[in-house]
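A.B. asks: show me the folded form of this:
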Amino acid sequence: MKKTKRLVSMLMCFLLIATMLVGCKKDNNTANTSKNDTPATTEEATPTEAATDTPAEKFQLKLGIWPEDTLPDDIKLHEGYVKTFNETHPNVEVVPDHYKYATDTFVSLAESGNLPTIFETWYTEPQKLINGGFVADITDELKARGWDTAMNPSILNLLSKDGKIYGIPRDGYALGLMVNVELFEDAGLVDANGYPKYPKTWDELAQTAKTIKDKTGQAGLCLLAKDNAGGWHFSNIAWAFGATLTLEKDGKFVANVNTPEAIKAMEYVKSLKWDYDVLTPDPTNEDWGTGFVNLGTSTAAMYIAANDAVNQPTQVNGLPVDKLSLVPMPAGPGGQYSLSGGTPYMFSKDATPDQINAALDYLEVMGKAPVATDDAIAGMKADAQNKNDNGVPVIPRFPCWVDQKVLDAESAVQKEYSNVDMNLYNDYFNIIKADGNLRLEEPGSAQDLYAELTKVLQAVITDKKADVASLMKTANDNYQKLLDENVNK
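C.D. replies: Predicted coordinates:
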């Protein structure tokens, strides 16, 4: 990998914010569109396909983006999308097929032909999936619609190889600190207006967490130390202490885990357990999902999380919509940063062009496409109404498209359906717009890095005498070996 490529990728997060303010292109009609596929500002809909007497061939569309069974209202929402979709696609049988991406099961599903037509993954994964031949080339389908030029250029780079495109963005995120306002109230940590006095630095976080633990008996912070999510969160803490965990030298990746800055960050985490005693009882049992359980059920006051997951503590785990706040990540001696990434849609290698086009049309009905058609805006509104009905904060989302009509439509819907006091979110959105505050996940092999860091987290949380420097050296050696075996070829 060339350094220039990384520089382009590093611009992704900043461009996400920049696109909130400016747009670049007009909507483009698609080659396979819904009945209302014209910009919302156009008075009359114009058919884009000639009528034909030949019945369309029937086929299935397996939707891996279908909601899980525990979210019945979300399922009802998608059932409405299916009804709208089938009005113009009567030949397509939509097959609900909820799929949650997992590195340990993906390859076997792909090789056996059992992946759904469309699924979600993480921005750390596309190049691996492309190189493995597991996902479909959708270049022709996107170009026919003009969606290739509507995509944020840096995201387009992440989802492309050798001039071919293999995915489109669902959204973006930046890590912040989710706050349970109820526990802050109980601990007397709110200002005169009732807003939480959240910590601005990691040192303040330790003190704030201690106050909450002393006054409420609940954990001040839910720290993850069960799986790769632990290392994912820790990398953001490490940056605040001045660390960079992976370097690039002469076109190869070099592990940089055992620096003084990274060791200091891990020592800080260790102190949260043994000096302050502010964590949940056993962080080695805490993963991404249980973190939201703790936050939503008021057994932890703070949790590192992102804007795209505000439904987890609220809808999924019962926290009232007005008792959640999302604030900036704390700063450390090395600065204040938010780890930024996102979720792309990708397509099974076995998907046919017809299936790919049908999936793209379905995304338009959902309001997740780079068009501001009647159907797309209706999908945005249905999603916002569903959030209102289920007590999910309706807040701005990070745009991954550069079409101003789309951005304006999304903003209008968000304002129309807003159900929270944005003072609980404004500091978060303001700080992530600042130059230099967003960082992409570490290059190289982020998931392997996270796995090694999680091993260290588990050790320092369970052993008061754990030698942090020695553990970080082992993690560095292990990570370098994985880089050399799997990436530096």
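
A.B. asks: going by C-alpha atoms from here, please, whenever you check contacts or count neighbours.
C.D. replies: OK.

A.B. asks: burial count for residue 215?
C.D. replies: Using other CA atoms under 10 Å, residue 215 has 13 neighbouring residues.

A.B. asks: contact partners for it?
C.D. replies: 186-187 (CA atoms under 8 Å, 6 or more residues apart in numbering).

A.B. asks: what's the spacing between residue 68 and residue 75?
C.D. replies: 8 Å (CA to CA, to the nearest Å).

A.B. asks: can you pull out the strands in the chain?
C.D. replies: In the chain, the strands defined using DSSP state E lie at 59-63, 92-96, 118-120, 160-161, 164-165, 167-180, 219-222, 246-249, 252-255, 300-306, 324-327, 338-347, 438-440.

A.B. asks: show me where pLDDT drops low in the stretch 51-200 of the chain?
C.D. replies: Applying pLDDT under 70 to the stretch 51-200 of the chain picks out residues 51-55.

A.B. asks: change it to 80
C.D. replies: Within the stretch 51-200 of the chain, the ranges that satisfy pLDDT under 80 run 51-55, 154.

A.B. asks: what about the helices in it?
C.D. replies: Applying DSSP state H, counting those that start in this stretch to the stretch 51-200 of the chain gives helices spanning 72-88, 106-111, 126-131, 139-145, 153-158, 181-186.

A.B. asks: off-centre distance for the first one?
C.D. replies: Offset of helix 72-88 from its chain centre (CA atoms, centre = their mean, to the nearest Å): 23 Å.

A.B. asks: same question, the last one
C.D. replies: Centre-to-centre, helix 181-186 and its host chain are 27 Å apart (CA atoms, centre = their mean).

A.B. asks: what helices or strands is that helix leaning on?
C.D. replies: Applying 3 or more CA pairs under 8 Å, 6 or more residues apart in numbering; DSSP states H and E, one finds that helix 181-186 contacts helix 202-216, strand 300-306.

A.B. asks: pull out the buried positions in the first one.
C.D. replies: By neighbour count, and taking 16 or more other CA atoms under 10 Å as the criterion, the buried residues in helix 202-216 are 202, 205-213, 216.

A.B. asks: and it with strand 300-306, angle?
C.D. replies: Here helix 202-216 points in a direction 140 degrees away from that of strand 300-306 (axes from the mean of the first three to the mean of the last three CA atoms, to 10 degrees).

A.B. asks: what's the domain layout of this protein?
C.D. replies: 3-173+342-424, 174-340+425-486 (automatic domain parsing).

A.B. asks: ranking those by burial, who's on top?
C.D. replies: Highest mean neighbour count among those (mean count of other CA atoms under 10 Å): domain 174-340+425-486, with a mean of 20.

A.B. asks: residue contacts, the closest residue to residue 107 other than its chain neighbours?
C.D. replies: Of all residues not flanking residue 107 in the chain, residue 134 sits nearest, at 7.7 Å (CA to CA, 6 or more residues apart in numbering). By CA under 8 Å, 6+ apart, residue 134 lies in contact with 107, 110-111, 348-349.

A.B. asks: ok, those residues vs residue 163, which is closest?
C.D. replies: Nearest to residue 163, judged by CA to CA, of these is residue 349 at 17.4 Å.

A.B. asks: hmm, that closest one is touching residue 131, no?
C.D. replies: No - the criterion here is CA atoms under 8 Å, and residue 349 misses it with residue 131 at 11.9 Å.

A.B. asks: go ahead and confirm residue 402 touches residue 148.
C.D. replies: No - counting by CA under 8 Å, residue 402 stays clear of residue 148, with 10.7 Å between them.
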